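Engineer: I would like the atomic coordinates for the input below:
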Amino acid sequence: MFASPWLTGFLLFTLGPIIVSLILSFCDYDVMHPARWVGLANYHGLLTDDWYYMSKSMGNAIYLAVFGLPLGMITSFSIAMLLNTEVRGMKYFRTIFYLPSILPIVANAVLWGWILNPQFGLMNVAWRATLTSWFHIPAPMWLAGEASSKPAFIVMGLWSAGGGMILWLAGLQGVPRQLHEAAEIDGAAGGVGFGM
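Structural biologist: Residues are numbered from 1 along each chain as shown. A predicted model of the protein is given here:
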């Protein structure tokens, strides 16, 4: 009974759409007309006619999984380690680092579109003032260029590392102080990593 609100939400808003999407993947459906069953024709077209686009999207997903996810986890863990200290005013720093992760996605998109604009964005203005003028390295196109858009998306993802930071911080603060003291007595390096 206590789990029924969550189960209802899961069935209606998670499992239900997954099942409907799976069924519609076997249909010719454009929202304007009723769905028409076509069997495996969509998957056949995906692996033959649209192979270039599918391989491109899979390559992008693998790139983000290999570089973006580990970098995001390392960043959020590093911030959590820094914010796990007992310093005066630490709650304000935690709030500052968490705020970008709760901003609306449209506001984030507009902000990053302005920062990464190839002509007048803040990143390219700073790039031209330093790297272009000193080392003659041309400014990247960021979101407008194929090669520079993937790193730009990773940087945009790091902007909201505060959400992961909260989870790491909750885990770090869940460890009792006695365990840290026992680890330090046993020779652990700073009470965080355990030495051999």
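
Engineer: Counting neighbours, what do you get for the closest residue to F67 other than its chain neighbours?
Structural biologist: What sits nearest to F67 in space, not counting adjacent residues and going by CB to CB, 6 or more residues apart in numbering, is I154, at 6.1 Å. In short, each C-beta sits where N, CA and C put it, glycine included. For I154, the count of nearby residues is 16 (other CB atoms under 10 Å).

Engineer: Next, I154: phi, psi?
Structural biologist: Note on I154: backbone dihedrals following degrees, to the nearest 10 are phi -70, psi -40.

Engineer: Just give the number of residues close to L99.
Structural biologist: 11.

Engineer: now do L116
Structural biologist: Applying other CB under 10 Å, we find 22 residues neighbouring L116.

Engineer: hang on, it packs against M141?
Structural biologist: No - counting by CB atoms under 8 Å, L116 stays clear of M141, with 9.0 Å between them.

Engineer: Let me know whether the residue nearest to F67 touches I74 as I believe.
Structural biologist: No - assessed by CB under 8 Å, I154 is found out of contact with I74, at 11.9 Å.

Engineer: re the thing from before, list the contacts for the residue nearest to F67?
Structural biologist: When contacts are counted by CB atoms under 8 Å, 6 or more residues apart in numbering, I154 touches 64, 67-68, 71-72.

Engineer: Please indicate which of these are buried?
Structural biologist: 64, 68, 71-72 (16 or more other CB atoms under 10 Å).

Engineer: Considering the contacts of I154, which is situated nearest to T8?
Structural biologist: For the contacts of I154, the residue nearest T8 by CB to CB is G72; the value is 31.8 Å.

Engineer: That closest one and L158 touch, don't they?
Structural biologist: Yes - taking contacts as CB under 8 Å, G72 lies within contact range of L158: 6.1 Å.

Engineer: same question for stretch 20-27, mean pLDDT?
Structural biologist: The pLDDT scores in stretch 20-27 average 96.

Engineer: Tell me how far that stretch lies from the chain's centre.
Structural biologist: Centroid separation between stretch 20-27 and its chain, computed with CA atoms, centre = their mean, to the nearest Å, is 27 Å.

Engineer: So which residues make contact with it?
Structural biologist: Against stretch 20-27 from outside (CB under 8 Å, 6+ apart): 35-40, 42-43.

Engineer: Tell me which of those fall in strands.
Structural biologist: Residues of the contacts of stretch 20-27 located in strands (DSSP state E): 36-37.

Engineer: Just the buried subset of the contacts of stretch 20-27, please.
Structural biologist: For those, a burial check counting by 16+ other CB under 10 Å picks out N42.
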